[in-house]
Structures are given as structure tokens and as C-alpha cells.
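J.: Sharing a model that was predicted from the sequence below.
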Amino acid sequence: MKNNEIISYEADSGQVITLSPDIVRNSISTDPCVTDGEIAMFLKLCESMKVNPFLREIYLVKYQNKNGKNAKANFIAGKELFTKRAESHPEYAGMKAGIVTSDNNGVITEREGTIVLPNETLIGGWAEVYRKEYVTPIKNTVSLSEYNAKQGLWFSKPATMIRKVALVQSLREAFPNSLGGLYTHEEMPVDGTKLPDDPIIVKEIEDLKARLLSPTEKKVMFSISGGDKNLCVSIAKLFGYDSPADIKFKDFKAICDALDDKTRRQNTIKMLVEEKELEQEAIRETEADAEAITNLIFRKGNEEDEEINDILSKTLHKDLKDLRKDYSDRGE
């Protein structure tokens, strides 16, 4: 993917998101160790999951492994993304989450919430997520020792952190199409306190939205219209432009969608008109054939064949009547 290659998609919020490798590298992940391949993967994930990185719904994070070397980049979901997506799913039916403790006698307790009693040791977290069509909930129990990164909030709020690890794992398992491939900072060796949560304002995006369409974009728009210049003009005016030459990039996708819809409807109307003309021609031909055959019958008939001729004539006209009725029943 080239650094100036642009992708646009509609996020779950309805906002149109515009991204490019340059925008990701300069504004979303400023780590110089992020590779072009990792940026390309990030762009594909953002587009497929319909997330908005400018609202910090997802982060591109590169961290060092235990040997001090750069590990592969991770795509970290924002703190509200998991719960928002789960709650908006039509099959979501609630959740429970808490911690696992062990007391001085070795008795293990699962408790909802994050309260650890004085005589207890925190050893893990648990969570249950309910789907309407499932008989039993999706449940996960996780170990504190496996996830404790011993940094940031893991020092001050270990119960809150391990509970959330269990919760996001259950949510991801319950709704794989909405959350598959997304992970939170609690599951990674990343200090969540260092992840910014203020929205990103990118000057490049504002400049991009304000620019006029490139020659290639104009060709795309003209192609979608089926080569109909008048249609391009009328759609441009609907968006407040005097002509297609004035269209700005911020409206490019919406105008292409409008052109595509208009073109499909015009093609459908054209097809129906052609079909109607063909059926009318068939009726005219049938009428002519019926009249010719009827004339031939009576011209060659005689007195003794009059009854047979009459029956044959009525049969031919009945076929014509049925054809007309079929055409009328279709409402054309």
C-alpha cells in the first residue's frame, strides 16, 4: 500500500472515516518502529471492524519484548468499544463479572464485583456473558499471575484489571463477528495509563476533505453514472454544487452512492419499458395472426364446415384474450 493511498469507510457511528498510511504514521501511531506492513494491517482492521481511530476506539501500539527488542505491533481496542458493541448487538442479554479469591484456609470464592476481603488473596477474575439464543452463558475464568503486567493500574487496581480481562474475553467469545481480533490493553503488556484518550484532529484530513476531486476520482464518478453527464450535473446540484467540477472530496463517497442508486433505478425503468414494448409487439402480432387465420378459415370454409370454423375462430380469439388478460394482471 502506498503512503498516499486513501481508504474511506463508514464507522459504526455513521461518521465517514478517511485514512492513509501517512495519516496513521504521523497522527495515530508516531512510533518510528511501526512497519509499513503493520500499518497496512491496521488500516484493513479499522475498515473491516468499522472503528474510528480518531476517537481512540482503537490504538496501534508497538512495545518491546523481554529481550528489549521490538515485538510486533498490537491493535488495542479503546476502553468503551467492547461494552458498546456488545450492548448494541440484538442477541445481547446481559453480563456478570467479578473476581476469584482464596482465603487463609485455601477456600476459593468467586465474587461479583471487585471487593477483596482482608483475609483473602486475589488470584483471578471471571465473567459471564448472556446471549438470547444460548441456554448457558459464555463464561471465562482467568488467572491474575498470567496477566499481571506489574505496571500502571495493575499496581493500584489489580482486581479491576483482572475482572476486565475476564469480561473482554467472554465478550469476544460471545460476539466474534463484532469483536474478533480486538484486544484491550489489560490483556497486553501495555501501560493503559499512557494511552491518550483525547480525540485526534488531523490537519491532513481537513485538507483532504476540502480539496477538489482528482481526475481519477472524476472518472470513477462518471463511470458510475453510466456516462450520463446530465445525471452527474443533477446529483452535484443536489449536494449544493453548481457543477461536477466543483465537487469536493468530502462529498465524493456520498455522491457516488447517489449516482449508483440513481443509475440502478434508471436501468430498471429502462428494462421495464423495453419489456412492455416487447409484450405490446407480441399482442399486435397475435392480433394480426388471429385475423389472418380467421379470414383464411372463412374464405375456405363452406356451409357444412361453418360450425367447425366458428369453434376454431373462437379458440384463436380466446388465446388473444388470455394474452391481454395476463398482461393486464401484471399491472403494466
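T.: Everything's here; your move.

J.: Tell me the buried residues in the host helix or strand of Thr216?
T.: Thr216 belongs to helix 215-224 when assigned by DSSP states H and E. Under the neighbour-count criterion of 16 or more other Cβ atoms under 10 Å, helix 215-224 has 217-218, 221-222, 224 buried. In short, each C-beta sits where N, CA and C put it, glycine included.

J.: Can I get these in CSV including distance to Cys256 and pLDDT?
T.: Output for the buried residues of helix 215-224, formatted as CSV (distance: Cβ to Cβ, whole Å; pLDDT from 0 to 100):
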residue, distance to Cys256, pLDDT
Glu217, 9, 78
Lys218, 11, 84
Met221, 6, 84
Phe222, 10, 85
Ile224, 5, 85
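
J.: show me what contacts the residue most central in space within the chain?
T.: The centroid of the chain falls nearest to Lys50 when counting by Cα atoms, centre = their mean (6.2 Å). The contact partners of Lys50, taken as Cβ atoms under 8 Å, 6 or more residues apart in numbering, are 9-12.

J.: Now that we have those residues, which of them are buried?
T.: Neighbour-count burial (16+ other Cβ under 10 Å) applied to the contacts of Lys50 gives 9, 11.

J.: Export the contacts of Lys50 to TSV and append columns for secondary structure.
T.: As requested, these are exported to TSV (DSSP: H, G, I helix; E, B strand; the rest coil):
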residue	secondary structure
Tyr9	strand
Glu10	strand
Ala11	coil
Asp12	coil
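
J.: which one of the contacts of Lys50 is nearest Tyr130?
T.: Asp12 (21.9 Å; Cβ to Cβ).

J.: ok, so what distance separates that closest one from Val190?
T.: Taking Cβ to Cβ, to the nearest Å as the measure, Asp12 falls 24 Å from Val190.

J.: Give the burial count for Asp242, as a bare number.
T.: 10 (other Cβ atoms under 10 Å).

J.: quick one, phi/psi of it?
T.: phi -70, psi -30 (degrees, to the nearest 10).

J.: host element of the closest residue to it other than its chain neighbours?
T.: Distance criterion Cβ to Cβ, 6 or more residues apart in numbering; nearest residue to Asp242, sequence neighbours excluded, is Ala236 at 7.6 Å. Counting by DSSP H and E, the element that carries Ala236 is helix 229-238.

J.: try Ile115
T.: Judged by DSSP H and E, Ile115 forms part of no helix or strand.

J.: Enumerate every residue touching it.
T.: Ile115 touches 99, 159, counting by Cβ under 8 Å, 6+ apart.

J.: okay if I get the buried residues of helix 215-224 as a markdown table plus distance to Ile108?
T.: What follows is the buried residues of helix 215-224, written out as a markdown table (distance: Cβ to Cβ, whole Å):
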| residue | distance to Ile108 |
| --- | --- |
| Glu217 | 62 |
| Lys218 | 67 |
| Met221 | 64 |
| Phe222 | 69 |
| Ile224 | 63 |
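
J.: Out of these, which comes closest to Ala93?
T.: Ile224 (42.3 Å).

J.: pLDDT on stretch 200-214, on average?
T.: Averaging pLDDT along stretch 200-214 gives 68.

J.: actually stretch 137-157, sorry about that
T.: Rounded mean pLDDT across stretch 137-157 is 93.

J.: same question, stretch 180-192
T.: On average, stretch 180-192 scores 84.

J.: what's in contact with that stretch?
T.: So stretch 180-192 is contacted by 45, 49, 58-59, 61, 63, 74-77, 79, 81-82, 147, 149, 151-153, 161-162, 164-165, 168-169, 172, 195 (Cβ under 8 Å, 6+ apart).

J.: among those, which are in helices?
T.: Per DSSP state H, helices hold the following members of the contacts of stretch 180-192: 45, 49, 81-82, 147, 153, 161-162, 164-165, 168-169, 172.

J.: Save those residues as TSV, and put in neighbour count too.
T.: Converted to TSV, the ones in helices among the contacts of stretch 180-192 look like this (neighbours: other Cβ atoms under 10 Å):
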residue	neighbour count
Leu45	16
Met49	22
Leu81	24
Phe82	23
Tyr147	20
Leu153	16
Met161	24
Ile162	28
Lys164	26
Val165	24
Val168	27
Gln169	24
Arg172	24
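
J.: Could you let me know which of those residues ends up closest to Gly125?
T.: Ile162 (3.7 Å).

J.: And the strands in the stretch 51-200 of the chain?
T.: Secondary structure of the stretch 51-200 of the chain (DSSP state E, counting those that start in this stretch): strands located at 58-61, 74-77, 92-103, 108-112, 120-131, 138-143.

J.: Now the terminal residues of stretch 103-115, how far apart.
T.: 13 Å (Cα to Cα, to the nearest Å).

J.: Buried residues in that stretch, which are they?
T.: For stretch 103-115, by 16+ other Cβ under 10 Å, it's Thr114.

J.: before we move on, back to that, list the buried ones in the helix holding Ala236?
T.: For helix 229-238, the neighbour count (16+ other Cβ under 10 Å) marks 231-232, 235-236 as buried.

J.: which of these lies closest to Asp257?
T.: Set against Asp257, the nearest of these by Cβ to Cβ is Ile235 (10.0 Å).
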